[in-house]
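> quick one, structure for this:
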Amino acid sequence: MAALNEEQVMLRDMAREWADNESPVAAFRKLRDAGGGKGFDPEAWSAIGGMGWAGIVIPEEYGGSAFGYLSLGLVLEQLGRNLAATPLASTAVAASAIVMGSSDKAKSEWLPKLASGEAIATLAIDEGPSHDMKFAATVSGGKLNGVKKFVAEGDGADAFVVAATDGLYLVPKGEGVAVAARRMADSRSHAEVTFRDAPAEKLGDNALTQAVADRAAAVTAAEMLGMAESAFGQTLDYLKQRVQFGQVLSTFQALQHRMAKMLTELELMRSAVEGALEAIDAGRSDVDQAVSLAKAVANDTLRLVSRETVQLHGGVGMTDEFDAGLYLKRAAVLETMWGNASWHRDRFGRLNGY
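Below you'll find the predicted structure:
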């Protein structure tokens, strides 16, 4: 477990309180049932911008706080507990791509707006259902052409950080950009984005693309950590109050063993995820390995916990009345984003010479 400083503890507690009071799972249900829109509550996003969370990884000179990725992960973990639908993760990582990029124009034009929450940005990386870091999108004469099949928060984005064959580009919404909403299992904002001669500003080469994808995987793992802990806690509470055969379910040894297994996996998950975020903040040379370890462990653990949550709730776990299914569906989507467990295990092995 990471050693948090006083500011990080305050930030984590603030995010937890806000998520519980202003963005509980009931708020996500309301948003889901309403349908349409951009996939998030504009008032909630405005509040997040006002609290400075959108600028956590943006330098102070552009209106951010430069608190780092561990701090961002703490916030996303707390939001993940309640399945809060916000474009925070996508905007923060897209902003970091601009920060690490070489375009001063993009920095001065976009970073202040992203830090305040005035604008939303997202990554347009993958061109198929699986994360493979192979791109067909091309740029010629400052115009980008290609199709990105699965773009999280694509419905409401004002700018897209797009991976092409020769590097990473920033493309504002508008000329040459067509967005088509996709319906996914988690009822969150996803879109297919088509670029036809869209004006593009180059941010960096393929090395930057990989670095940004690693940061996206790390913050996704942080959200998954919050989801796993919340699903575990809900399951434990249910077992403590549900009576079967005249006994509380939590007294059955077989169920205790299953809960103990999940708890140990959660502790391992926390260590791996926080380790990856700390590696990014420290600029360590093994960021790629730390991220692949974290995302592989996060995928496996959330998969286990989300499925056990449904199982241990019994028949009611299959109904929409209970929250178990909501965590299961979101988990299924996040597992495939930025590489599933097999992809990251293979990558980790290659990085270590196997």
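
> what's the burial count for residue 94?
28 (other Cβ atoms under 10 Å). C-betas here are computed from N, CA, C, even on glycine.

> for it, which non-adjacent residue is closest in space?
Nearest non-adjacent residue to residue 94, counting by Cβ to Cβ, 6 or more residues apart in numbering: residue 121, 3.6 Å away.

> and that neighbour, what does it touch?
The neighbours of residue 121, taking Cβ atoms under 8 Å, 6 or more residues apart in numbering as the test, are 90, 91, 94, 95, 98, 110, 114, 157, 158, 159, 160, 161.

> now with 6 Å, please.
By Cβ atoms under 6 Å, 6 or more residues apart in numbering, the contact set of residue 121 is 91, 94, 114, 157, 159.

> and those, which of them are buried?
Buried by 16 or more other Cβ atoms under 10 Å: 91, 94, 114, 157, 159, out of those.

> tell me the contacts of the fourth one?
With contacts defined as Cβ under 6 Å, 6+ apart, the neighbours of residue 157 are 120, 121, 122.

> could you rerun that using 10 Å?
38, 87, 90-91, 94, 119-124, 151, 171-173, 177, 179, 189, 191, 193 (Cβ atoms under 10 Å, 6 or more residues apart in numbering).

> for the first one, same thing?
Contact partners of residue 91, counting by Cβ under 10 Å, 6+ apart, are 45, 48-49, 53-55, 57-58, 114-115, 117, 119-123, 153, 156-159.

> secondary structure class for it?
helix (DSSP: H, G, I helix; E, B strand; the rest coil).

> distance check, it against residue 326.
23 Å (Cβ to Cβ, to the nearest Å).

> could you find the closest non-adjacent residue to residue 74?
In space, and not counting its chain neighbours, residue 74 is closest to residue 12: 4.3 Å by Cβ to Cβ, 6+ apart.

> what helix or strand is the one you found located in?
According to DSSP states H and E, residue 12 maps onto helix 6-22.

> quick one: the residue nearest to residue 74 from residue 82, how far?
Note on residue 12: its distance to residue 82, by Cβ to Cβ, is 14 Å.

> ok, now residue 343?
Relative to residue 82, and taking Cβ to Cβ, residue 343 is found at 28 Å.

> mind telling me what element the residue nearest the centre of the chain is part of?
Centroid-nearest residue in the chain: residue 220, 3.1 Å away (criterion: Cα atoms, centre = their mean). Element membership for residue 220 (DSSP H and E) is helix 206-241.

> next, the angle from that helix to helix 6-22.
Here the directions of helix 206-241 and helix 6-22 differ by 60 degrees (axes from the mean of the first three to the mean of the last three Cα atoms, to 10 degrees).

> comparing residue 12 and residue 82, which residue is more hemmed in?
residue 82 (22 against 17).

> can you read off the pLDDT for that one?
Note on residue 82: pLDDT of 98.

> surely it and residue 226 touch.
Yes. Residue 82 is within contact range of residue 226, at 8.1 Å (criterion: Cβ atoms under 10 Å).

> just to revisit the earlier point, closest to residue 331 out of the buried ones among the contacts of residue 121?
Comparing these against residue 331 with Cβ to Cβ places residue 91 closest, at 22.1 Å.

> pLDDT wise, what is the closest one at?
For residue 91, the pLDDT comes out at 98.

> measure it to residue 203 for me?
Distance, residue 91 to residue 203, by Cβ to Cβ: 15 Å.

> tell me which stretches of the stretch 51-200 of the chain form strands.
Counting by DSSP state E, counting those that start in this stretch, the stretch 51-200 of the chain has strands at residues 121-124, 138-140, 143-152, 159-164, 167-172, 177-182, 190-199.

> hmm, who's touching stretch 237-245?
Under Cβ under 10 Å, 6+ apart, the answer for stretch 237-245 is 248-252, 255-256, 258-259, 309, 312-314, 316-317, 322, 324.

> 7 Å instead, please
248, 249, 250, 255, 312, 313 (Cβ atoms under 7 Å, 6 or more residues apart in numbering).

> go through it and flag the buried ones.
Buried, per 16+ other Cβ under 10 Å, within stretch 237-245: 238, 239.

> quick check: end-to-end length of it?
18 Å (Cα to Cα, to the nearest Å).
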